[in-house]
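Chemist: Give me coordinates for this.
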Amino acid sequence: MTYPSRLDNNPAPVLPSPNRPIKTRVNPRSAEYQANREANLALLAMLDEHLKSARFEGKEQHLAKARKLGKFTARERIELLLDPDTPFLELLPLAGLGGDGFGPGGTSVGGMGLVCGRLVMVIANVGTRKGGAVDYATLQKALRLNEIAMENQLPVVSLVESSGANLPEQARIFNYGGASFRDITRRSKAGLPNIAIVFGNSTAGGAYVPGMSDYAIFVDGGAKVFLAGPPLVKMATGEDVDDESLGGAAMHSRVSGVSDYLARDERDAIRLAREIVGGLPSGASPVKSAAEEPLYAAEELLGILSPDLKKPLDMREVIARVCDGSRFSEFKPEYGPTLITGFAELNGYPVGILANNGVLFSEAANKGAHFIQLCNQRNHPILFFQNITGFMVGKDYEEGGIIKHGAKLINAVSNSEVPAITLMMGASYGAGNYAMAGRAYQPRFLFSYPHSRTAVMGPEQLSGVMQSIQREAALKAGIPYDEEQGAQMRTYMMKEVEKKSDAWYSTGQLWDDGIIDPRQTRNYLGFCLEVINQHPFKGSSGYGVFRM
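Modeler: You can find the predicted model right below:
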């Protein structure tokens, strides 16, 4: 092999050293340079025209109608959602360009931006353009945005206002449309929540987005969510119904439970979404922030708590005297009101709270199961504040499935893997004890107030049931029932139940980890949270079969 001499006519090129900058040979004044520049400027002008077309959000008459109703456009909603003066990277802005659908961009805007310092994917329906109906390009755009969110581990905020699939294109849309709902559930399982804000009509497929999301916020007077609107319902069933009672925000927040938050208006809805995103975890375990004293004195608990368990207790008053800054972000406040659920901080640590405000109905049980799943997704420890007489009984409630709904809550408690702390603040009777993480469900710590009671049921109810059983047994045997003796036995049994269900008996049996002074609640819980957070923990991503 021979090597060229330095004197050859074609010497090897002199390569720059690794630290030497490249010296350009471009001549900006050359004809070739100028021709390239002009050609590229023409292409960019074409791009600007296409992007301008893609930013079209509907005819002026539709925009004016929306403004009159106090509504924002899709891009205005995105701007309100994102942190001020932060970038938004729009994706797939020209989806559908050159096709036979609704035009470039379709009827959605999608991209990535910062919400409360957290990077999220935002997908907004353009409700003022074709009613937000989904054409083929819009569907494909949504699927790609979902794919990007999953690959990059991003939560998704959906700004929903859609009349569902564009029916003339249903043949192309139907088979692939279900994948967008599948993606919501798969992200949820991976710990990447979907937060849906519903601003207007969301029909058919549009209804499934909030229905399958981890968090759903409905704008009062604006959101209308149903599988079929009033005309189709009339055609299918003959039923006359207006859209508000069929699928309005208030109905879904208070009756169906499809909505988790009822917002006053669009600004309030966006504020709630930002609050939810701000509470999402960013690491394996919760990050401690600076602790903040409650606004109200712990001493006041002694005047709030009644030793008479028959008197109602609003647990919000307890929460306000225990949690940092007395702040509480309540979840589903309009639904299942006998179980309070929500997020707070205690001693600087984020927590989820389930607190009894009465007997458990089916709605409350479903709400509790949903909330426990969210706590596991967020990796938040759970505080159970017990004051529960049990699940509601009666023919109507049995027909309504109180057993299976209660089982969902107990299933969620059983399979929850974030640490739990239980505090018995009053009654702890029957299956209510199980549903609220009693001793058998292995909370990390369990404490009692001095007036609390634990039993299968209250003394009066238990002794009364036993008396009824004895009376029926006597009647079946043909033996006269001695009412006086029965009354004496009932009184005796009541005293026995009272004796063996009070806090002193319970703590002596090691059914709790100690009776505490209510004024020390914050100190006890705060110390336990410090212990819990010494080592990382991870919430459950799977549960047993929920009997639906």
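
Chemist: contacts and neighbour counts: CA atoms only from here.
Modeler: Will do.

Chemist: Show me where this protein dips below the pLDDT cut-off.
Modeler: 1-18, 283-287, 456-471, 473-474, 481-483, 485-490, 492-497, 499-500, 544, 547-548 (pLDDT under 70).

Chemist: let's go with 50 and repeat that
Modeler: 1-7, 284 (pLDDT under 50).

Chemist: Pull the distance from the helix ranked longest in it to the chain's centre.
Modeler: Identified as the longest helix of the chain according to DSSP state H is helix 31-54. In terms of Cα atoms, centre = their mean, to the nearest Å, the centre of helix 31-54 is set 46 Å apart from its chain centre.

Chemist: buried stuff in that helix?
Modeler: 50, 53-54 (16 or more other Cα atoms under 10 Å).

Chemist: Send me it as CSV with only the CA atoms.
Modeler: Taking Å, rounded to 0.1, in the frame of the first residue of the first chain, the C-alpha atoms of helix 31-54 are listed here in CSV:
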residue,chain,number,x,y,z
ALA,A,31,-26.5,33.8,-6.1
GLU,A,32,-27.0,30.2,-4.9
TYR,A,33,-27.4,31.4,-1.3
GLN,A,34,-29.9,34.1,-2.2
ALA,A,35,-31.9,31.6,-4.4
ASN,A,36,-32.1,29.1,-1.6
ARG,A,37,-33.2,31.8,0.8
GLU,A,38,-36.0,33.0,-1.4
ALA,A,39,-37.3,29.5,-2.0
ASN,A,40,-37.3,28.7,1.7
LEU,A,41,-39.1,32.0,2.5
ALA,A,42,-41.8,31.1,0.1
LEU,A,43,-42.2,27.7,1.8
LEU,A,44,-42.4,29.3,5.2
ALA,A,45,-45.0,31.7,3.9
MET,A,46,-47.0,28.7,2.8
LEU,A,47,-46.5,27.2,6.3
ASP,A,48,-47.8,30.3,7.9
GLU,A,49,-50.9,30.2,5.7
HIS,A,50,-51.5,26.6,6.7
LEU,A,51,-51.0,27.3,10.4
LYS,A,52,-53.3,30.3,10.1
SER,A,53,-55.9,28.0,8.6
ALA,A,54,-55.3,25.5,11.4
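
Chemist: what's next to the helix or strand just after it, contact-wise?
Modeler: Using DSSP states H and E, the helix or strand that follows helix 31-54 in sequence is helix 60-68. Under the criterion Cα atoms under 8 Å, 6 or more residues apart in numbering, residues 57, 72-73, 128-129 lie in contact with helix 60-68.

Chemist: from these, which two are the most distant?
Modeler: 72 and 129 (12.9 Å; Cα to Cα).

Chemist: Could you count how many residues lie near the closest residue to residue 55 other than its chain neighbours?
Modeler: Distances taken as Cα to Cα, 6 or more residues apart in numbering place residue 105 nearest to residue 55, at 7.7 Å, with adjacent residues excluded. By other Cα atoms under 10 Å, 26 other residues sit near residue 105.

Chemist: Am I right that residue 105 falls within a helix?
Modeler: No: if the criterion is DSSP: H, G, I helix; E, B strand; the rest coil, then residue 105 is coil and not within a helix.

Chemist: Go ahead and name everything in contact with the longest helix of the chain.
Modeler: By Cα under 8 Å, 6+ apart, helix 31-54 touches 27-28, 93-94, 103-106.

Chemist: do the same with stretch 92-110
Modeler: Residues contacting stretch 92-110 (Cα under 8 Å, 6+ apart): 50-51, 53-55, 74-75, 90-91, 121-127, 129-130, 132-138, 141-142, 145.

Chemist: Kindly report the same for stretch 390-407.
Modeler: 359-363, 365-366, 428-433, 435, 457, 546-548.

Chemist: Where helices are concerned, which of those residues count?
Modeler: Using DSSP H, the contacts of stretch 390-407 in helices are 362-363, 365-366, 430-433, 435.

Chemist: Out of those, who's the most crowded?
Modeler: Using other Cα under 10 Å as the neighbour criterion, residue 435 leads the ones in helices among the contacts of stretch 390-407 with 27 neighbours.

Chemist: In space, what's closest to residue 233 - neighbours in sequence excluded?
Modeler: residue 239 (6.3 Å).

Chemist: Residue 423 versus the one residue sitting closest to the centre of the chain, what's the distance?
Modeler: With distances taken as Cα atoms, centre = their mean, the residue of the chain nearest its centroid is residue 215 (3.3 Å). According to Cα to Cα, to the nearest Å, residue 215 and residue 423 sit 27 Å apart.
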